[in-house]
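1. A structural model of the following input is requested.
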Amino acid sequence: MRDALKAAAPSGWRAIREIGVQLGDSTLIPDVTVLRPSSRFDAMWANPADVALVVEVESKGSRRHDRFTKPSLYAEAGIESYWRIERTSAGPVAHLYSRAAGGHYQLHQSVNPGDSYLAELPFAVQVAPATWTS
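-> Residues are numbered from 1 along each chain as shown. Just a heads-up that it's a prediction; the model follows:
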């Protein structure tokens with residue numbers, strides 16, 4: 001999935017694995033973070049104002065945090081898009097959320113294994129979970 005984001009990213013955008021995002025007194029490390037052009041970050045941390053998308057890949061140990069805790073913190077920090085990748089017996093399912101006016105995430109689209117969807121945020125990228133290797 002990071003490879004798909006990197007390939008689709010316009011010049012200046014970056015898709016980075018496991019960089020920390022500073023959220024007030026909290027810090028979280030998404031599986032993939034998409035940074036806006038001209039964002040300032042060091043090798044370890046990014047400011048949420050520079051983050052356009054965070055992606056979390058669920059595991060048994062992270063399911064509750066990825067579904068409940070992390071989205072509320074990311075939305076509160078103003079990050080416009082959140083993708084949650086759910087592992088199912090049929091393959092990965094991508095749940096694409098966008099930040100609603102009330103400051104929380106609203107499900108925009110779910111993309112099942114074998115399906116494909118052209119997401120527009122943070123930039124145009126084809127979401128095809130069955131093709132993702134990492």
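
2. give the residue spans of this protein that score low on pLDDT.
-> 41-43, 133-134 (pLDDT under 70).

3. that one: helices as residue ranges?
-> Taking DSSP state H as the criterion, the chain carries its helices at 2-8, 63-64, 70-76.

4. please identify which of those is closest to Pro30.
-> Of all the helices of the chain, it is helix 70-76 that lies closest to Pro30, at 7.7 Å by C-beta to C-beta. (Glycine included, C-beta is placed from N, CA and C.)

5. who are the packing partners of the closest one?
-> strand 20-23, strand 26-28, strand 51-57, strand 81-88, strand 105-111 (3 or more C-beta pairs under 8 Å, 6 or more residues apart in numbering; DSSP states H and E).

6. sheet partners, orientation included, of the last one?
-> Strands that pair with strand 105-111, judged by DSSP bridges, come out as strand 91-99 (antiparallel).

7. for the first one, same thing?
-> The strands beside strand 20-23 in its sheet (DSSP bridges) come out as strand 26-28 (antiparallel), strand 45-46 (parallel).

8. contacts for that strand, please.
-> 27-30, 33, 44-48, 51, 54, 73-74, 76-77, 79 (C-beta atoms under 8 Å, 6 or more residues apart in numbering).

9. please produce a PyMOL select command covering the buried subset of these.
-> Buried subset of the contacts of strand 20-23, written as a PyMOL selection, criterion 16 or more other C-beta atoms under 10 Å:
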select buried, resi 28+30+33+46+48+51+54+73+74+77+79
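
10. tally of neighbours for the nearest residue to Leu118 once chain neighbours are set aside?
-> Among residues not flanking Leu118 along the chain, Gln126 sits closest, at 5.8 Å (C-beta to C-beta, 6 or more residues apart in numbering). Gln126: 13 surrounding residues under other C-beta atoms under 10 Å.

11. dump the residue contacts of the residue found closest to Ser11 once you drop the neighbours it is linked to in the chain.
-> In this structure, Ser11 finds its nearest non-sequential neighbour in Pro37, 7.3 Å apart by C-beta to C-beta, 6+ apart. The contact partners of Pro37, taken as C-beta under 8 Å, 6+ apart, are Pro10, Ser11, Gly12, Trp13.
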